[in-house]
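**Q** Generate coordinates for the sequence data below:
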Amino acid sequence: MTMSPQHAARRRMYRRRRWVVGIIAVIVLALIAAAAFVVITYADANNGIHRSSIAGVTGPKQNTGETNILIMGLDSRVDENGKPFPQAIYDQIHAEDASVGGYNTNVLMLIHIPANGGKAVGISIPRDDYVDFPDSPGGVDKGKIKEAYGDAMNASMQKLTDKGVAEADAYQQSRTAARQSTIKTVSAFLGDVRIDHFVEVTMAAFYEVAEAVQPITVCLNHATADTFSGADFPAGVQELNAAQSMAFVRQRRDTTSSDFDMTDLDRTRRQQAFMVSLAVKLKQASTFTDFGKLQKLIDVAKKDIALDDQLDLLSFAQQAQSLAGGNISFVTLPIDHFDTIDGQSVNIVDVDAIRAQVHDLLNPPTAAPSASPAPSSSPGSTSGSGSSGSSAPATPNPVYTDSSSPLQSGNVPCVN
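**A** Below is the predicted model:
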């Protein structure tokens, strides 16, 4: 039977509508699936990440809306359960096995996020600063600030073991005691600064995060190599894989015959630079909306990261996206001079001057808001041991020759 033109037109319109409805249904289902994924992974992460209470540990109440987060990077060769890393990770990060290394916080950085969207600041504390320990862990009153964690953990383990507490429980309770002791020590050192949250990261977490988002773009002022960390880099802009990234942030000496004299403060500046470069990469790669990468990062967090029990992951992710856009600068606290105490090389600091500086950093004068710098287009990559041949890296900022200058985020900085 031949259809009339009107009937045929109505049938074509019905088919188009059915096709459009089908497409809309697919989109809606995809959105529902995405939302379900976010909810499930969020719940999964909250159920799996190690948490510790720091309620009432430090500092007076601060201005509403401000947040202080202490980043603690451990040099331990074990995960958050005290278990060894896979051998492949030891090989990649040029580190000894679980029998070597203690529980020093080789990275200590306070991230201050002001209220009302003001510019954040990251304050790096050199690991060998000689400071007072407020709660005298294990009867020790003074020491390198990095040692507060391990001293408190060892003292707690001894007490709990003597009481007959099961080893696994004693271990986790002692990690909590170590975090609290470190937070108390940092807070007192900086002038009773309140610390709202902490993020604890192991060496494996650092490597696996870099692995999830590699390559990472960095820029060096000098060609350098180091047989201890495995570093071997040319000067200039280059892209690093995860193993090279680990060498980049761990290097603190140059073992070549060059005149380049690298110090521990240069390593601190590299850690800051890497965080800036990582933030740039996360933003450019849309990692926060890539479910596969997000799941991998959550899996890393469950093994090798610890947080306080009040830190909300979704809020933290939103803050991280803001900081990735360039809304943060980094400074390193100054050292007065070096000394040797009880056979150890330490940093002697002017505590009053440091507290005054920290106060000014956390309470800057009110200024009109300014736009964040936009990432620049890239001129290309420097070839060398760090080059991966992938997309061209971002243009670096002006050269930074020492650790005393503030390091601005938003683009890849050049460092020693």
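**Q** so when I look at Asp259, I'm seeing a strand, right?
**A** No: looking at Asp259 with DSSP: H, G, I helix; E, B strand; the rest coil, it is coil, so not inside a strand.
**Q** From Phe85, how far off is it?
**A** 36 Å (Cβ to Cβ, to the nearest Å). Using the backbone N, CA and C atoms, a C-beta is placed for each residue, glycine as well.
**Q** higher neighbour count, these two?
**A** Phe85 (24 against 7; other Cβ atoms under 10 Å).
**Q** and the protein, what are its domains?
**A** As given by automatic domain parsing, the domain ranges for the chain are 5-48, 51-415.
**Q** hey, least reliable of those domains by pLDDT?
**A** Mean pLDDT per stretch puts domain 5-48 lowest among those, at a mean of 50.
**Q** Tell me how far the nearest residue to Asp264 once chain neighbours are set aside lies from Gln92.
**A** Excluding its sequence neighbours, the residue lying closest to Asp264 (Cβ to Cβ, 6 or more residues apart in numbering) is Arg252, at 5.1 Å. Separation of Arg252 from Gln92 (Cβ to Cβ) stands at 19 Å.
**Q** More neighbours: which of those two?
**A** Between Arg252 and Gln92, counting by other Cβ under 10 Å, Gln92 is the more crowded of the two (22 against 18).
**Q** wait, is the more buried one part of a helix?
**A** Yes: according to three-state DSSP, Gln92 belongs to a helix.
**Q** ok, it touching Met246?
**A** Yes: Gln92 lies in contact with Met246 (Cβ atoms under 8 Å); the separation is 6.9 Å.
**Q** could you pull out the helices for the stretch 151-300 of the chain?
**A** Listed in chain order, the helices of the stretch 151-300 of the chain (DSSP state H, counting those that start in this stretch) span 167-190, 203-213, 242-250, 264-284, 291-304.
**Q** Quick one: closest of these to Ser404.
**A** When the helices of the stretch 151-300 of the chain are ranked by proximity to Ser404, the top entry is helix 264-284, at 8.7 Å, counting by Cβ to Cβ.
**Q** now that closest one and helix 242-250, what's the angle there?
**A** Interaxial angle, helix 264-284 versus helix 242-250 (axes from the mean of the first three to the mean of the last three Cα atoms, to 10 degrees): 140 degrees.
**Q** for helix 264-284, which positions count as buried?
**A** Buried residues in helix 264-284, counted by 16 or more other Cβ atoms under 10 Å: 264-283.
**Q** repeat for stretch 337-349
**A** Buried, per 16+ other Cβ under 10 Å, within stretch 337-349: 346-347, 349.
**Q** how about those in a markdown table, adding secondary structure and distance to Val218?
**A** A markdown table is the format used below for the buried residues of stretch 337-349 (DSSP: H, G, I helix; E, B strand; the rest coil; distance: Cβ to Cβ, whole Å):
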| residue | secondary structure | distance to Val218 |
| --- | --- | --- |
| Val346 | strand | 30 |
| Asn347 | strand | 26 |
| Val349 | coil | 29 |
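**Q** Touching, Val331 and Pro126? I think so.
**A** No: with contact defined as Cβ under 8 Å, Val331 does not count as touching Pro126 (11.7 Å).
**Q** Which residues does stretch 188-197 contact?
**A** Here stretch 188-197 makes contact (Cβ atoms under 8 Å, 6 or more residues apart in numbering) with 54, 57-62, 67-70, 110, 123, 125, 129, 131-132, 134, 145, 183, 186-187, 307-308, 310-311, 316, 351, 354-355, 358-359, 362.
**Q** So what would you say the end-to-end distance of that stretch is?
**A** Start-to-end span of stretch 188-197 (Cα to Cα, to the nearest Å) is 16 Å.
**Q** Go through that stretch and flag the buried ones.
**A** 188-191, 193-197.
**Q** Strands of the stretch 101-250 of the chain, residue ranges please.
**A** Ranges of strands in the stretch 101-250 of the chain, per DSSP state E, counting those that start in this stretch, are 105-113, 120-124, 130-132, 142-144, 197-201, 216-220, 224-226, 231-233, 236-240.
**Q** and Phe338, which of those is closest to it?
**A** Closest among these, using Cβ to Cβ: strand 130-132, at 9.9 Å.
**Q** does Thr58 belong to a helix or a strand, and which?
**A** Assigned by DSSP states H and E, Thr58 belongs to no helix or strand.
**Q** Verify the stated contact: it with Ile183.
**A** Yes: under the criterion of Cβ under 8 Å, Thr58 makes contact with Ile183 at 5.4 Å.
**Q** So between those two, which is more surrounded?
**A** Set Thr58 next to Ile183 and count neighbours by other Cβ under 10 Å: Ile183 wins out with 24 against 21.
**Q** I figured the more buried one hits Ser53, correct?
**A** No: Ile183 sits out of contact with Ser53 when judged by Cβ under 8 Å, with a separation of 11.0 Å.
**Q** thinking again about what came up before, so what's in contact with Gln92 and Met246 at the same time?
**A** Listed contacts common to Gln92 and Met246 are Tyr207; contacts here mean Cβ under 8 Å, 6+ apart.
**Q** Same list, the buried residues of stretch 337-349, but as a markdown table with distance to Phe338 please.
**A** Conversion of those to a markdown table gives the following (distance: Cβ to Cβ, whole Å):
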| residue | distance to Phe338 |
| --- | --- |
| Val346 | 7 |
| Asn347 | 6 |
| Val349 | 11 |
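**Q** Which of the residues you listed sits closest to Cys414?
**A** Asn347 (25.1 Å).
**Q** Show me the beta-bridge partners of the closest one.
**A** Asp129, Phe338 (DSSP bridges).
**Q** Asp128 is in contact with that one, correct?
**A** Yes: in this structure Asn347 lies within contact range of Asp128 using Cβ under 8 Å: 4.7 Å.
**Q** can you map out the strands along the stretch 301-416 of the chain?
**A** Under the criterion DSSP E, counting those that start in this stretch, strands of the stretch 301-416 of the chain are mapped to 305-308, 328-332, 337-341, 344-348, 396-399, 407-408, 412-415.
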